[in-house]
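Novice: Below are the sequence and a predicted model for it; my questions follow.
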Amino acid sequence: MSDPKVVWIPSIAPSGLAVYTSDHFLPWQGDLFAGGLVSQDVRRIDLDGSGNVMGEESIPIGQRVRDVRQSPDGRLYVLTDETNGQLITIEPGG
């Protein structure tokens, strides 16, 4: 058994995980995206070619994140877990 590469204290209550495989946004290629129910954000976990964690970025959503998925065209979608839930597209900032 291996130790985890990322630990969140306090927990973000992770839900949904996507590995970004598209070349649509090259800086994200190979990174992980984890939704947070409690943190109400998406965490981008920057990995190097060997799978080592190089950094982490919080992308605020402002709602409980239920799932994160990559579409066939390379866009990243977030599904929120609220009464009036939303399907949100996220893209890298300038």
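Specialist: Okay, I see it. Residues are numbered from 1 along each chain as shown.
Novice: so when I look at N84, I'm seeing a helix, right?
Specialist: No. Counting by DSSP: H, G, I helix; E, B strand; the rest coil, N84 falls outside a helix, being coil.
Novice: Can you get me a residue count around it?
Specialist: 6 (other CB atoms under 10 Å). Yep, even glycine has a C-beta here, placed from its N, CA and C like the rest.
Novice: pLDDT wise, what is it at?
Specialist: Among the per-residue scores, N84 holds a pLDDT of 89.
Novice: Quick one: the strands in this structure, in order.
Specialist: Assigned strands in the chain, in chain order: 14-19, 32-36, 41-47, 53-60, 65-70, 76-80, 87-90 (criterion: DSSP state E).
Novice: Single out the most deeply packed of the ones you listed.
Specialist: Each of these was assessed for mean neighbour count using mean count of other CB atoms under 10 Å. The highest is strand 32-36, with a mean of 23.
Novice: what lines up beside that one in the sheet?
Specialist: strand 14-19 (antiparallel), strand 41-47 (antiparallel) (DSSP bridges).
Novice: Contact partners for R75?
Specialist: With contacts taken as CB atoms under 8 Å, 6 or more residues apart in numbering, R75 has the following neighbours: H24, T89, E91.
Novice: show me the contacts for the most centrally placed residue in the chain.
Specialist: Most central residue of the chain, judged by C-alpha distance to the mean C-alpha position with CA atoms, centre = their mean, is F33 at 2.1 Å. For F33, the contact set (CB under 8 Å, 6+ apart) comprises L17, A18, V19, Y20, V42, R43, R44, I45, V68, L76.
Novice: try it again with 7 Å
Specialist: Shown in contact with F33 (CB atoms under 7 Å, 6 or more residues apart in numbering): A18, Y20, V42, R44, V68, L76.
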